[in-house]
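Colleague: this is the structure alone, sequence omitted:
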Ligand SMILES: O=P(O)(O)OC[C@H]1O[C@](O)(CO)[C@@H](O)[C@@H]1O
């Protein structure tokens, strides 16, 4: 039985940084310039300030092609974190020294904002919240002793619980295996994407518990996951993750899973774990029903930056992934990203390259191309982290900016047989970030498929060849290199992008830590369901009191007092009819009738008289 004592044995230590950079002239930066003068208050400001690089950037100019000059640029700008073995190559992004000089004040202001954030400032002003995900991997930075204790106690509780589950000390009440063998994670967005990315990247071939996800309110998808579990439902630990504790998709997933437990004669609370804010609807449900365990989420950790909280650490630990190493990698990267020297700050280098490549207005998409199967889900993880953070209508001063950077990608070299044709020759609306992993296979497992050549050599060659071919056609790219995919490097990658997003958001003056657009979407979905209830009430009443003459769509809309919603009413009925939904007969109407029957078996086109 795998014990995970090694996973939580050592405490995270922050060693001295010795990330070294190639020998070069170091420019000592002046002290912080005064903050740029604030723009007029939200109500008055209208036109957002033009972003810098648009002025300084020769549009689509050819990039430097002399290989000797490029080699010098590569050496001059290569960032190396020796302890992490992580490198960042920005040489194939054509930013100028003038651009760096012009951006320095914004960079320094962003760094100061980041310093304030880490000290506990209200860095999420729209929600009046602190932003504390960096404290999760170095609790000594938490602004109060209470918060530090919460972080440390939660981590200890995660390790202890996961250890007890993996060792079999905590086991399901009735399972043939006599222990938990499966994890069913129910959550969506940041309550799923981090755990999914980390499981794909780091789970061993035979983990003590195998994880699967319900991350949507698709009945067929839920049925598929439960069907795949089969009798192992009895050995399944169900982890329900929701920071707010009220997300409809997650609630629906929970109700569906609890139904499956009832039908299997299983006692859900004995196999249920909740990860949510204290006193949320989910937390109270789990407490009242006596679930197996509850772990807290904190209001100062956003969903898209929650992988280093219980959201990511509990599922990872249950798969015997070394979570202390993940935290240590993130902490080392955080420390590097506190440098005030742009060249020594990888997150700043990333943010500046994003700004240059997209003119500070998202004019190009970010293509994420890891040349490693296990990093397949990194782009999906970054879609939320980058786009939910940067995709904002207003800036911090109320200017309408419609900011953002679109992210897509899967993995190389696979994608070279999909969309990279367009990247090489088609519309120039992107820049690429290659994720290079130097170690192809564990030591001693390599094999030459032809003299002197391995599979990994092909993968390496495909990455380098694609990078060169894109650049030859003036397509810019960044390359992040790690030695291998392990908890430490994954933790560092997550920390690198969390910080780059924060620095970039400051440079374009937006709040990276709220998501007003999504709340609007949740509200709109609620309105559709409310309208559906009205439609059902109208059809139920009509089915009891009138002959089977089909009602016209206008009549239904009028009776719902929603003539302007006629199209939505049509769609609601079409969806219910396609699912053979029955009208629940009330009063003396006899047996329930399907919507189709009530509407006279007409096809929906005839609805519209
Ligand atoms: O964890 P919760 O509260 O269920 O939210 C799930 C997701 O929904 C959002 O709030 C909006 O997409 C995300 O930020 C979050 O990760």
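Modeller: Everything's here; your move. Here the structure is a predicted model, which is why all the values come from computation and not from measurement. Numbering: from 1, shown residues only.

Colleague: can you pull the contacts of residue 568?
Modeller: The contact partners of residue 568, taken as C-beta atoms under 8 Å, 6 or more residues apart in numbering, are 528, 531. In short, each C-beta sits where N, CA and C put it, glycine included.

Colleague: next, the distance between the ends of stretch 382-389.
Modeller: 10 Å (C-alpha to C-alpha, to the nearest Å).

Colleague: could you pull up phi and psi at residue 381?
Modeller: phi -60, psi -40 (degrees, to the nearest 10).

Colleague: how about residue 435?
Modeller: phi -110, psi 110.

Colleague: please begin residue numbering at 23 from this point
Modeller: From this message on, residue numbering opens at 23, which makes the last subject residue 457.

Colleague: for it, what are its contacts?
Modeller: 390, 391, 392, 393, 394, 397, 400, 501, 502, 503, 504, 515.

Colleague: identify the bridge partners of the third one.
Modeller: When you say that, I think you mean residue 392. residue 457 (DSSP bridges).

Colleague: residue 406: which of the contacts of residue 457 is nearest?
Modeller: Proximity of these to residue 406 (C-beta to C-beta) peaks at residue 400, which lies at 11.6 Å.

Colleague: one step back: now the buried members of the contacts of residue 457.
Modeller: 390, 391, 392, 393, 394, 397, 400, 501, 502, 503, 504, 515 (16 or more other C-beta atoms under 10 Å).

Colleague: give me the neighbour count for residue 595.
Modeller: 23 (other C-beta atoms under 10 Å).

Colleague: same question for residue 396.
Modeller: Neighbour tally, residue 396, other C-beta under 10 Å: 18.

Colleague: wait, it sits on residue 221?
Modeller: No: counting by C-beta atoms under 8 Å, residue 396 does not reach residue 221; the two are 10.0 Å apart.

Colleague: could the buried ones among the contacts of residue 457 go into JSON lines alongside secondary structure, distance to the ligand and pLDDT?
Modeller: Shown next, in JSON lines, are those (DSSP: H, G, I helix; E, B strand; the rest coil; distance: C-beta to the nearest ligand atom, whole Å; pLDDT from 0 to 100):
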{"residue": "390", "secondary structure": "strand", "distance to the ligand": "19", "pLDDT": "98"}
{"residue": "391", "secondary structure": "strand", "distance to the ligand": "25", "pLDDT": "98"}
{"residue": "392", "secondary structure": "strand", "distance to the ligand": "22", "pLDDT": "98"}
{"residue": "393", "secondary structure": "coil", "distance to the ligand": "28", "pLDDT": "98"}
{"residue": "394", "secondary structure": "coil", "distance to the ligand": "25", "pLDDT": "98"}
{"residue": "397", "secondary structure": "helix", "distance to the ligand": "21", "pLDDT": "98"}
{"residue": "400", "secondary structure": "helix", "distance to the ligand": "17", "pLDDT": "98"}
{"residue": "501", "secondary structure": "strand", "distance to the ligand": "29", "pLDDT": "98"}
{"residue": "502", "secondary structure": "strand", "distance to the ligand": "24", "pLDDT": "98"}
{"residue": "503", "secondary structure": "strand", "distance to the ligand": "29", "pLDDT": "98"}
{"residue": "504", "secondary structure": "strand", "distance to the ligand": "26", "pLDDT": "98"}
{"residue": "515", "secondary structure": "helix", "distance to the ligand": "19", "pLDDT": "99"}
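
Colleague: got the residue ranges for the strands in the stretch 73-222 of the chain?
Modeller: 101-103, 108-111, 204-208 (DSSP state E, counting those that start in this stretch).

Colleague: do the last one and the ligand meet?
Modeller: No: Strand 204-208 stays clear of the ligand (C-beta under 6 Å from any ligand atom), getting no nearer than 9.9 Å.

Colleague: how far out from the middle of the chain is that strand?
Modeller: 18 Å (C-alpha atoms, centre = their mean, to the nearest Å).

Colleague: tell me which other helices or strands it touches.
Modeller: Applying 3 or more C-beta pairs under 8 Å, 6 or more residues apart in numbering; DSSP states H and E, one finds that strand 204-208 makes contact with strand 232-236, helix 241-251, strand 258-264, helix 270-285, helix 332-340.

Colleague: figure out which of the ones you listed is closest to the ligand.
Modeller: Of all the helices and strands packed on strand 204-208, strand 258-264 sits nearest to the ligand, with 3.3 Å by C-beta to the nearest ligand atom.

Colleague: strand partners (parallel or antiparallel) of that closest one?
Modeller: strand 204-208 (parallel), strand 294-299 (parallel).

Colleague: now that strand against helix 270-285, angle please.
Modeller: 160 degrees (axes from the mean of the first three to the mean of the last three C-alpha atoms, to 10 degrees).
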